[in-house]
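Asker: sequence first, then the predicted structure, then my questions.
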Amino acid sequence: MNPVSQHGYAYDAWLASACMPASAVRKLLDYYGSSEACHEAVCRNDDGLKELISQRFFQLLYSTGTKETLEKLQKVMDRHGIRSLVFTDPGFPSALHEIHDPPAILFLQGNKECLRDRSLAIVGSRAASYTGQKAAGRLAEDLGRHGITVISGLACGIDAAAHRGCLDGKGLTIAVVGNGLDRVYPADNRGLHDDILKNGGLIISEYAPGEKALGWHFPVRNRIIVGLSRALILMEARIRSGSMTSVNHALEQGKDVFVYPGDPASDCFEGNHQLLREGGLYFTSANDILEDLHWLDNPSAVRQNSDCVQGYKPSTPEEKTLMNALKPGALSFEQLIACTGLNPSVLMSTLTILQIRGVIEALPGKQYQIKH
Amino acid sequence: MGIMASLLSFGVTGVNGYQVHVEVFGTESMPGIEIIGLPDASVKESKDRVNAAIINSGKQMNPRRITVNLAPADTKKEGPCFDLPIAVGMMIADGILIPDPPTDLKSVALFGELSLDGSVQPINGALPMVISAKENGISTVILPDKNASEVSCIQDIRILPVSHLRQVIAWFEGKMELAEQKQVSFEALKNEAVPVVDMAQIKGQKGARRAVEVAAAGGHNMLMIGVPGSGKTMLARCIPGILPPMTFEESLETTRIHSICGKLQAGKGLMVNRPFCAPHHNASVASLIGGGQDAKPGEVSLAHNGVLFLDELPEFSRSALEALRQPLEDGIVSVARVRRQAQYQSSFMLVAAMNPCPCGFYGSNRRTCRCTPPEIRRYLDRVSGPLLDRIDLQIEVDSVPINEINDSEPSESSAVVAARVRKAREIQLKRYEGTGKYCNAQLTNAEVKQFCTPDAEGTALLNAAVDSLHLSMRAYQRILKVARTIADLAGEETISSAHIAEAVQYRELDQKYWR
């Protein structure tokens, strides 16, 4: 028996590997019904093809349509547990039918159950600030705990923090990537990639196995991240950045855009503040978002902000002075000395004790802040 | 028949001097000068210098065949230090210099370089040579006057500094007495010691000042991370000034190494300021550790008993940093080359500084860091675990500019800090009497268990810290050592929870950067 025809994934991969525009692939599939039928048509140089695709793509499909290539693709997909979904399949995420230029073929790895109504996209800068990453992680954790699927792009920075946070909250998370599913990009996130799969998450791509992560893939895949979610949450972005393309997709698709109000003094958040001025939705916690989306059916599941601080009673006068000084926001060691008047060695001991109790946290740059 | 002259001189191998017999033999034969006894190029060339110097000192050599033998004949001789004995030997062998009264040449050693006009030039390694002369029972040493001050602390040996060959000739002929070098006691020199950078010049930075004090008090190696311009170099430069003053033995060891490298300041005696070596980050392994054809000492040995400051630590080549491990561990470095092997002492305090990321502004709220997380990780990874393992204190230097802190009170001066450091060191000296250790940084893991056990509350706190701040076992040992030093600074015998809590702050980079 021919192993290729047994399940048609390899034909899907073959069709996707030509990197044709999604609209052209959709037309082909509409005309012939399935990728296997397309393969047959290409092999016999069907007349109808001339109407549907250019000569260049025909050549490409013809040359890659050999039995060896297909078997190779099949092997790769079997090894990595990659399945494909064509836009005509009943299981294809319905949310994607509603966007402009939906992907024709999706490749999936992991748990398909993640695709559900209550999902939110978290996006932001790759070179994100420490506070931005912390906030993204905390938000994703709360959302995950509340049963919301968190969708992001498996990039460094905010993306990674969001996935990681959602996993910490025992939630399901989806990563939409810009390369073939047989590889992990960036390589640093391999651990995260494996953890997502291990914890019932899903990795999605519209690129065939073997496809490299090219620069132009990322803004294109952003439409899928937005398309799969009910709303977009922007954590941290400069004015000219990739995250802003996601915002544009969200506006085109008529999705809500929640914007995290970062520190106005830092230029890491300049995009956030511009969007807030233009009408982005303001939020400070998972609670705010769930309330706005009317998803708040179980309020107790959402952790209250700063509950651990409220629960902690300073046990010495030094601790009390220190906590009062830190209440307005993060301060550096030297500023703390100036504010509290404590001697450096006493201040250091006090900081350690509060850190151990989990009341404050140390930030890079010798800064300290009360843990939220 | 010819005339034979035999004089004593000294050469240097490693940091030790060795006795060299300069034998000169003149015969009536084809005129010429031959130098044997494995001379290197600079020794071979000395015949031309010597000839000119003799003429310019008012003597005229007769045409003779002169053979100069430098015994022991199987050791390679190098450097121009044999010019002076060769010149004197040649004149005696030629019969134009007759010692009067017949000096006992067995009790006189001489060395120095000659220039063509007959003046005597300074040489490298005078200190080890004089020490070796004293050990060999020599009573009088004639040496260049510019080398006189570095040996002025050596007792029980007559030092006769000279500036011109003419003086030496006159002394041998008994026509003139040479002024003896005055003995300078080490105690007198010590009073001249001044810190290069005084801590009073550092404004703010109270946390880092405290860390520097703790590091100095326990002899701990230290790493500072901070944005450019936060004052890391300035803080490092303060450290030699707050370390306890050098003892005579320490000073002798350090001066010896500086002497053979020719790095002593002219006119200064034994070194009283602890050395501060700050090699640039493109330094090669050989320049750091020692090497070259003659196995010369490197920066780690020049920093012996002082501070080795490595600014921009991750920019140093990996091999250079790895090579630091042996000297850090043993306080001694063996340099082996084909021609020569040598062991140099290299017990120094390592002070390193680095930026938190390639652009330097990670964690700063002045400027935004433009580095990606993998870039930062790669940068930090250049500092290997085993090296970090040998650094007890890691601190972050606050980036907040002083004008934002509104700190009007004057900073403490080095003298005040040094007094506290000295007290803490005295406690340590007493505690480790007989073990060969003199500061907390030198403790092995077994000794940490013996000397650095905190009270029950302290132990509980440390265990809680290791759990909640995710510290490694390696950090655990370091914290105990540093806590011991903090307790010593406070003059307390038991390590309490406050000492532990402060020590934990000096491992914060383990939590933030190297997790």
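Answerer: Cool, got the structure.
Asker: from here on, just use CA atoms for contacts and neighbour counts.
Answerer: Fine.
Asker: which element is the single nearest residue of the stretch 51-200 of chain A relative to chain B on?
Answerer: Residue nearest to chain B within the stretch 51-200 of chain A: residue A:127 (5.0 Å; Cα to the nearest Cα). Residue A:127 is part of no helix or strand, with elements assigned from DSSP states H and E.
Asker: check residue A:84 too.
Answerer: Counting by DSSP H and E, residue A:84 is found in strand A:82-86.
Asker: related to what we said a few turns ago, so how far is residue A:216 from the closest residue to the residue of the stretch 51-200 of chain A closest to chain B other than its chain neighbours?
Answerer: The shortest distance from residue A:127 to any residue other than its chain neighbours is 5.0 Å, reached at residue B:372 (Cα to Cα, 6 or more residues apart in numbering or on different chains). The gap separating residue B:372 from residue A:216 is 19 Å, by Cα to Cα, to the nearest Å.
Asker: grab the nearest non-local neighbour of residue A:16.
Answerer: residue A:208 (5.4 Å).
Asker: need phi/psi at the one you found.
Answerer: phi -70, psi 150 (degrees, to the nearest 10).
Asker: find the nearest non-adjacent residue to residue 164, please.
Answerer: If you meant another chain, say so; for now it's chain A. Closest residue to residue A:164 apart from its sequence neighbours, by Cα to Cα, 6+ apart: residue A:137 at 6.6 Å.
Asker: not quite, go with chain B.
Answerer: Nearest non-adjacent residue to residue B:164 (Cα to Cα, 6+ apart): residue B:119, at 4.1 Å.
Asker: for chain A, what are the nearby residues on chain B?
Answerer: Neighbours of chain A within chain B, by Cα under 8 Å from any Cα of the partner chain: B:204-207, B:210, B:226-227, B:362-365, B:368, B:370-374, B:396-400, B:405-407, B:464-465, B:468-469, B:498-505, B:512.
Asker: check what pLDDT the spatially most central residue of chain B gets.
Answerer: Nearest to the geometric centre of chain B sits residue B:302, at 2.8 Å (Cα atoms, centre = their mean). pLDDT for residue B:302: 95.
Asker: please apply the same query to residue A:262.
Answerer: Looking at residue A:262, the pLDDT reads 88.
Asker: spit out the contact partners of it.
Answerer: A:132, A:235-236, A:269, A:272-273 (Cα atoms under 8 Å, 6 or more residues apart in numbering or on different chains).
Asker: tell me the spacing between it and chain B.
Answerer: Distance of residue A:262 to chain B, given as Cα to the nearest Cα, to the nearest Å: 13 Å.
Asker: quick one: that residue is in a strand?
Answerer: No. Secondary structure of residue A:262 (DSSP: H, G, I helix; E, B strand; the rest coil): coil, not part of a strand.
Asker: up against chain B, what does chain A have?
Answerer: Near chain B, when you scan chain A using Cα under 8 Å from any Cα, you find A:126-127, A:130, A:156-157, A:188, A:266-268, A:332-335, A:337-338, A:344-346, A:348-350, A:352-353, A:355-356, A:358, A:362-367.
Asker: can you select the buried ones from the residues you listed in ChimeraX?
Answerer: Buried subset of the residues of chain A next to chain B, written as a ChimeraX selection, criterion 16 or more other Cα atoms under 10 Å in any protein chain shown:
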select /A:126,127,156,157,267,268,332,333,334,335,337,338,344,345,348,349,350,352,353,355,356,358,362,363,364,365,366,367
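Asker: among the residues of chain A next to chain B, which are located in helices?
Answerer: Taking DSSP state H as the definition of helices, the residues of chain A next to chain B contribute A:130, A:333-335, A:337-338, A:344-346, A:348-350, A:352-353, A:355-356.
Asker: ok, of the residues of chain B next to chain A, which come out buried?
Answerer: Of the members of the residues of chain B next to chain A, the ones counted as buried by neighbours, 16+ other Cα under 10 Å, are B:204-207, B:226-227, B:362-364, B:368, B:370-371, B:373, B:396-400, B:405, B:464-465, B:469, B:498-505.
Asker: how about residue 214, what does it touch?
Answerer: Since no chain was named, I'll use chain A. So residue A:214 contacts A:178-179 (Cα under 8 Å, 6+ apart).
Asker: if you could check chain B rather than the one you did, that'd help
Answerer: Residue B:214 sits in contact with B:220, B:421, B:482, B:485-486, B:489, where contact means Cα under 8 Å, 6+ apart.
Asker: let me know the closest of these to residue A:255.
Answerer: For these, the minimum distance to residue A:255 (Cα to Cα) is 56.1 Å, reached by residue B:482.
Asker: low-confidence regions, chain B specifically.
Answerer: Along chain B, segments meeting pLDDT under 70 span B:1, B:102-103, B:400-408, B:511-515.
Asker: tell me the domain ranges of it?
Answerer: The record's domain split for chain B, according to automatic domain parsing, is B:3-172, B:199-434, B:443-515.
Asker: out of those domains, which comes closest to residue A:179?
Answerer: In terms of Cα to Cα, the element of the domains of chain B nearest to residue A:179 is domain B:199-434, at 19.2 Å.
Asker: measure that closest one end to end?
Answerer: With Cα to Cα as the measure, the first residue of domain B:199-434 is 34 Å from its last.
Asker: tell me the pLDDT at the closest residue to chain B within the stretch 201-350 of chain A?
Answerer: Residue nearest to chain B within the stretch 201-350 of chain A (Cα to the nearest Cα): residue A:349, separated by 4.4 Å. Note on residue A:349: pLDDT of 89.
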